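>>> sequence unavailable; structure follows:
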């Protein structure tokens, strides 16, 4: 399957290997770096920090989507593809991020409040339409963040993937806003 | 890809987009399909702006902007509303991919510009029947 793995290999190789010192015997090790001495100490690519931040951002929104689906079962059909996209992003970014670089999420602040950026815990709104709007706002915020990450990335290949993730979040924001206000045709 | 090559590829894409939107716009009925008509019109205006900006960016990089072809092949017969909508979606999908490449091949202000362009094209897909994707513009995913 020429999919995610190959793409990770592609951008990691393009970055000179985001995680250059990935563990020996890692069967997920990106290809395209044949001949590199895996026993050498890891080089810290500046993009590792970018990947870790992007990963944390994606995980926060995924957690919010999961919590919203748990509270509003009737939103499952709308939110399921959204969750799927974020899972794909999380998987890809996790592969590019060594464990120690991860931004550890604090358990009681799953998602920060979008407008203020205050580290308040994510509370799923009681009304389904409000819940959708809330996720839409998170998606918009995530899109902006991922654009900033893409701007900051040293590796062009990595920037391209982050730009795509930002575009995905922007798409979801529009679709969710539309689903929250059926008939208004925001699409 | 060198930055200027990516910009030239994007410009070539915008030339094609303007041609196709010109054809599509001429075939969409304002009275019968007002929503599609206004989306096509708005897309045309946006793409014309992108084309002009790309020309400036390429000139600023010291290169000569690629010229438009005389004509372009349409992705379908572009007669029915469904075909006109699909042709528009096809264009936005292509532009999304091209701008993803520009992001990957440039830095600084040009990358910033391309980040807006890819977002914009990805969102515009939705108005032409596109569905959100996990990795818009990245074909290998």
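Arrived safely. Just so you know, these numbers come straight off a predicted model, no measurement behind them.

>>> buried ones in the strand or helix carrying residue B:118?
Per DSSP states H and E: residue B:118 is located in helix B:108-127. Using 16 or more other C-beta atoms under 10 Å in any protein chain shown as the burial criterion, the residues of helix B:108-127 that qualify are B:110-115, B:117-127. Backbone N, C-alpha and C define where each C-beta goes, glycine included.

>>> which is the succeeding secondary structure element to the helix or strand that contains residue B:46?
For residue B:46, the host element (DSSP H and E) is helix B:34-60. Going down the chain from helix B:34-60, the next helix or strand is helix B:81-105, by DSSP H and E.

>>> for that next one, the distance to its chain's centre please.
5 Å (C-alpha atoms, centre = their mean, to the nearest Å).

>>> pLDDT (mean, whole number) over that helix?
Helix B:81-105 comes out with an average pLDDT of 97.

>>> check which residues of it are buried.
Burial within helix B:81-105, assessed by neighbour count using 16+ other C-beta under 10 Å, is assigned to B:83-105.

>>> now do the helices in chain A.
A:4-14, A:46-71, A:76-96, A:128-152, A:156-180 (DSSP state H).

>>> which secondary structure elements does the second one contact?
Okay, so that is helix A:46-71. In terms of contacts (3 or more C-beta pairs under 8 Å, 6 or more residues apart in numbering or on different chains; DSSP states H and E), helix A:46-71 is packed against helix A:76-96, helix A:128-152, helix A:156-180.

>>> in contact with residue B:89, which residues?
B:125, B:128, B:129, B:130 (C-beta atoms under 8 Å, 6 or more residues apart in numbering or on different chains).

>>> oh sorry, the question was meant for residue A:172
A:82, A:85, A:135, A:136, A:139, B:132.

>>> what about the fourth one, how many residues close to it?
Translated: residue A:136. Per other C-beta atoms under 10 Å in any protein chain shown, the neighbour tally for residue A:136 reads 23.

>>> my guess is it contacts residue A:170. True?
No. Assessed by C-beta atoms under 8 Å, residue A:136 is found out of contact with residue A:170, at 10.4 Å.

>>> what's the angle between the helix holding residue B:46 and helix B:81-105?
Angle of helix B:34-60 versus helix B:81-105, following axes from the mean of the first three to the mean of the last three C-alpha atoms, to 10 degrees, is 30 degrees.

>>> about what we covered before: now the contacts of residue B:89 as TSV including distance to residue B:20 and pLDDT?
TSV is the format used below for the contacts of residue B:89 (distance: C-beta to C-beta, whole Å; pLDDT from 0 to 100):
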residue	distance to residue B:20	pLDDT
B:125	15	98
B:128	12	98
B:129	16	97
B:130	16	98
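
>>> please spell out the PyMOL selection for the buried subset of those residues.
The buried subset of these, as determined by 16+ other C-beta under 10 Å, is captured in PyMOL by this line:
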select buried, chain B and resi 125+128+130
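
>>> keep the contacts of residue B:89, but drop any that are not near chain A.
Filtering the contacts of residue B:89 for neighbours of chain A using C-beta under 8 Å from any C-beta of the partner chain leaves residue B:125.
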